[in-house]
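Engineer: Predicted coordinates and the sequence they were generated for:
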Amino acid sequence: FRLSRTLVFQLNHIMTYPNLNWTYQFLYIPFFMPFILISFVTFAIFRQGARLSPWQITKKTTGRLRNPAIALLGALVLVQLMIRSGTAAPAFIIGSNLADWFKEGFVIICPLIGALGSFFSGSTTV
């Protein structure tokens, strides 16, 4: 794990793979400025009529978002692993093993695996 001065999060050598890296540019990707900053401004403007304290509202919202965030994190990890290419990619290894196991029946399983991948990634081009 590494955090640079420009707020770039980096994970290097994920699961001990030398070329499996991930970066997130905190200030470059439209996350902080439009969404988080506007949320705080909106909260400051409309807090007069709030029955709960800011801490209680934040705690309640975080509690509601916890389970969906866990599910989305799992899907994100799966998609990022499937994007990798080459013979060492997890998708290649899984596909090769399933093809060896199912032999000619792999033709029947193939569309189901593709549908599952497009369901998780939201795209059929991954």
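Structural biologist: Structure received. Since this is a predicted model, take the numbers as computed values, not measurements.

Engineer: got any ranges where the chain has weak pLDDT?
Structural biologist: 32, 120-121, 124-126 (pLDDT under 70).

Engineer: Pull the number of nearby residues for the residue nearest to residue 50 when sequence neighbours are not counted.
Structural biologist: Spatially, and ignoring its direct neighbours in sequence, residue 50 is nearest to residue 57 (6.8 Å; CB to CB, 6 or more residues apart in numbering). C-beta: built from backbone N, CA, C; applies to glycine. For residue 57, the count of nearby residues is 14 (other CB atoms under 10 Å).

Engineer: Would you confirm that residue 57 contacts residue 51?
Structural biologist: No - using CB atoms under 8 Å, residue 57 is not in contact with residue 51; the gap is 9.5 Å.

Engineer: Check which helices and strands the host helix or strand of residue 111 is in contact with.
Structural biologist: According to DSSP states H and E, residue 111 maps onto helix 106-121. If contacts are counted by 3 or more CB pairs under 8 Å, 6 or more residues apart in numbering; DSSP states H and E, helix 106-121 sits against helix 54-83, helix 90-102.
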